[in-house]
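Asks: Give me a model of this one.
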Amino acid sequence: MNKLRGVIALTSQITVDYVKPVPLNQPLLAEGQEVSVRGRRHINMAEILNQKGQVLARGRGLFIAIDPQRMFAKFVDR
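Replies: Numbers count the residues shown, from 1 in each chain. As a prediction, the model looks like this:
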């Protein structure tokens, strides 16, 4: 979600609840949405669904928006 909105962010926390077994080698659908934004704090959630539309896993994450040029300036050769 952050990339779609042009936000560069680091993961602060992430949780995943596995509701049902997630199969290998089968098409899956991942859906996500932004829950809230407060300053630099972005909370997003997502679900993984099978072909029948059943939720197999759901997750929630807290991401902190950054300015990469400022954050990594000391690592760039000048």
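
Asks: for Leu56, what are its contacts?
Replies: Shown in contact with Leu56 (Cβ atoms under 8 Å, 6 or more residues apart in numbering): 18-22, 28, 47-50. The C-beta positions use only the backbone N, C-alpha and C, and glycine is treated the same way.

Asks: ok, so of those residues, who is nearest Ala9?
Replies: Closest approach to Ala9 among the contacts of Leu56 (Cβ to Cβ): Glu47, at 20.1 Å.

Asks: List the contacts of the closest residue to Arg60 other than its chain neighbours.
Replies: Nearest non-adjacent residue to Arg60, counting by Cβ to Cβ, 6 or more residues apart in numbering: Met45, 4.7 Å away. Going by Cβ under 8 Å, 6+ apart, Met45 touches 32-33, 35, 58-61.

Asks: how far away is Met45 from Gly39?
Replies: 19 Å (Cβ to Cβ, to the nearest Å).

Asks: Number of residues surrounding Gln51?
Replies: By other Cβ atoms under 10 Å, the residues close to Gln51 number 10.

Asks: Kindly report the same for Val37.
Replies: Neighbourhood size, Val37 [other Cβ under 10 Å]: 15.

Asks: Need the contacts of Leu56 in a markdown table (columns: distance to Met71, secondary structure and neighbour count).
Replies: A markdown table is the format used below for those (distance: Cβ to Cβ, whole Å; DSSP: H, G, I helix; E, B strand; the rest coil; neighbours: other Cβ atoms under 10 Å):
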| residue | distance to Met71 | secondary structure | neighbour count |
| --- | --- | --- | --- |
| Tyr18 | 33 | strand | 11 |
| Val19 | 36 | coil | 12 |
| Lys20 | 39 | coil | 11 |
| Pro21 | 39 | coil | 9 |
| Val22 | 34 | coil | 12 |
| Leu28 | 33 | coil | 13 |
| Glu47 | 31 | strand | 16 |
| Ile48 | 31 | strand | 20 |
| Leu49 | 35 | strand | 15 |
| Asn50 | 39 | coil | 16 |
